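>>> sequence and predicted structure, then a few things I'm wondering about:
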Amino acid sequence: MSETQCKVGLFSIGLAAYWPQFKGLESRLTSYGAFVGKKMSSMGVDIVDVGMVDDQPKARAAGDRFIAEGVDLVVCYVTTYSTSSQVLPAVQQVGRPVLVLNLQPTAQLEYAKTGTGEWLANCQACSIPEISNAFARCEVDFHVVTGLLGLSQQPEGALANEVTDQHPAAIAAWREVEDWLVAVRAKQTLNRSRIGFLGHTYPGMMDMYSDFTQHTAFFGTHIEVLEMEDVQVRVDAVEDDEIDAVLRTTESLFEISDDSDVDPLAKRPTEEEMRWACRVAAGMDRVVSEFDLQGLTYYYRGWEDNEFERLGSSLILGCSLLTARGVPCSGEGDLKNCMAMKVMDAFGAGGSFTELYAMDFTDRIILMGHDGPFHMDIAHGKPVLRGLELFHGKRG
């Protein structure tokens, strides 16, 4: 998957009838819209700014542009009153969620000095009920962010204080906008992802059963069904230098455990076991590269110590290394978990394959973990790599 910048379509709204009536109003409000575009661009998205939309034909043209550009979100910045009929065409056919920004430039008008033109530069709230009504009745998915614009410099011609970048209402509003942009990036990541499904779901765990078509329908994600042979042939093809490279990486990232004094199943991995796990990890690198995968969920039971049982029980190291590189891997064939890990990773939060292990009522904590791949970014210090004589409840 090529890394594609998240695109946000931005349009500012006003009313063309005001411009000849109030000198300088159009340029002042247009500058507010440019500020919004620059602010969102600094949050790591690609802005498609069509500028001021002040009549119905411009709204239609804006919608066409957003469709052509393939935007992931449409942002409508309300600069002053605008009729809803010249807002709706900019979003109705785009088929993307809409964020309506009700961001007033000043925290308080200079009431004694405020004339009609000055009020119009600060009457963002005036349009919100009308636009919301039109969007709701036309089934447009939208959300309104209310607060202050957050300018850091006083604009020419403004009577009230419009330097509000440190005001709590501006900080909160832009934090909310940023949250929406992060969410849209996560959704876009799912839209463009190919997730591998290797083997089958752990038998009997009904909460894990997934409908691949529903994943594609709701998230746009492609599910690539893989056979164990797809992995085996690539593991068999791994060269010694690839094994050595994975081994060096493993030894730099992990603390290799000694035999456990508590659990007789937990042993220090032998040299043979380490090289085999590193061979499998190198083979998984080939699988991910050749199938262009951005995530993987897997499980395979195998039988009587056959090659697939041995392979299926040796994926944890490679899948942990992949997870650390932004390719989340979920065991037990839990596709939903893998999708959740992908979302968490897109948030930079380090989603990990885990389950609830036990409750500690003394320290009031929940113990979580798994004998499977995990995300190293959420480890405290160097994670421990240990060998297991068997997997409880599983073959291998």
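Good, I have the coordinates.
>>> could you pull out the helices for the stretch 101-250 of the chain?
In the stretch 101-250 of the chain, the helices defined using DSSP state H, counting those that start in this stretch lie at 116-120, 128-137, 168-191, 212-219, 228-236, 240-253.
>>> the first one: which residues count as buried?
Translated: helix 116-120. Within helix 116-120, the residues that qualify as buried are 117, 118, 120, counting by 16 or more other C-beta atoms under 10 Å. All C-beta atoms are positioned from the backbone trio N, CA, C, and that covers glycine.
>>> in this structure the first one contacts residue 25, no?
Okay, so that is residue 117. Yes - counting by C-beta atoms under 8 Å, residue 117 does reach residue 25; the two are 5.6 Å apart.
>>> from residue 301, how far off is residue 138?
Using C-beta to C-beta, to the nearest Å, residue 138 is found at 51 Å from residue 301.
>>> compare these two (neighbour count), which wins?
Between residue 138 and residue 301, counted using other C-beta atoms under 10 Å, the more crowded position is residue 301 (15 against 12).
>>> circling back to that earlier point, between the helices of the stretch 101-250 of the chain, which gets nearest to residue 64?
Nearest to residue 64 among the helices of the stretch 101-250 of the chain is helix 128-137 (18.9 Å), distances taken as C-beta to C-beta.
>>> what's the spacing between the closest one and its chain's center?
The chain centre lies 28 Å from the centre of helix 128-137; the measure is C-alpha atoms, centre = their mean, to the nearest Å.
>>> does that helix pack against any helices or strands, and if so which?
Using 3 or more C-beta pairs under 8 Å, 6 or more residues apart in numbering; DSSP states H and E, the elements in contact with helix 128-137 are strand 73-78, strand 98-104, strand 142-148.
>>> now that helix: average pLDDT?
Computed over helix 128-137, the mean pLDDT rounds to 97.
>>> what do you get for stretch 240-247?
96.
>>> now residue 70. Nearest residue, chain neighbours left out?
Leaving out its chain neighbours, the residue that sits closest to residue 70 by C-beta to C-beta, 6 or more residues apart in numbering is residue 7, at 6.4 Å.
>>> in contact with the one you found, which residues?
The contact partners of residue 7, taken as C-beta atoms under 8 Å, 6 or more residues apart in numbering, are 45, 46, 47, 48, 69, 70, 71, 72, 73.
>>> and of the residues you listed, the nearest to residue 378?
Closest approach between the contacts of residue 7 and residue 378, by C-beta to C-beta: residue 45, at 26.2 Å.
>>> check the gap between that closest one and residue 340 for me.
Taking C-beta to C-beta as the measure, residue 45 falls 23 Å from residue 340.
>>> who's more crowded, these two?
Shown here are residue 45 and residue 340; by other C-beta under 10 Å, residue 45 has more neighbours (23 against 15).
>>> mind checking how far the more buried one is from residue 73?
To residue 73, residue 45 is 8 Å away according to C-beta to C-beta.
>>> can you work out which residues contact both of the two?
Jointly contacting residue 45 and residue 73 under the rule C-beta under 8 Å, 6+ apart are 6, 7, 8, 181, 184.
>>> could you check the pLDDT of the last one?
At residue 184 the predicted local distance difference test score is 93.
>>> count of neighbours near it?
Applying other C-beta under 10 Å, we find 20 residues neighbouring residue 184.
>>> is it true that it touches residue 71?
No - with contact defined as C-beta under 8 Å, residue 184 does not reach residue 71; the gap is 9.6 Å.
>>> overlap in contacts, those two.
When contacts are counted by C-beta under 8 Å, 6+ apart, residue 184 and residue 71 have residue 8 as shared neighbours.
>>> so where's the stretch 201-350 of the chain shaky on pLDDT?
Counting by pLDDT under 70, the stretch 201-350 of the chain has no low-confidence residues at all.
>>> let's go with 80 and repeat that
304-305 (pLDDT under 80).
>>> now the strands for it?
222-226, 255-256, 266-267, 295-299, 329-330 (DSSP state E, counting those that start in this stretch).
>>> what residues does the second one touch?
What that stands for is strand 255-256. Outside strand 255-256, the residues that touch it by C-beta under 8 Å, 6+ apart are 268, 269, 274, 382, 383, 384, 385, 386.
>>> so which of those residues sit within helices?
Mapping these onto helices (DSSP state H) picks out residue 274.
>>> surely residue 109 and residue 162 touch.
No - between residue 109 and residue 162 there is no contact under C-beta under 8 Å: 10.6 Å.
>>> the two: who's more crowded?
Between residue 109 and residue 162, counted using other C-beta under 10 Å, residue 162 has the larger neighbour count: 22 against 17.
>>> phi first, then psi, for the more buried one.
Taking degrees, to the nearest 10, you get phi -110, psi 10 for the backbone angles of residue 162.
>>> what's the burial count for the residue nearest to it when sequence neighbours are not counted?
In space, and not counting its chain neighbours, residue 162 is closest to residue 105: 4.4 Å by C-beta to C-beta, 6+ apart. Neighbours of residue 105 under the rule other C-beta under 10 Å: 26.
>>> so which of the contacts of residue 7 belong to helices?
Among these, the residues falling in helices (DSSP H) are residue 69.
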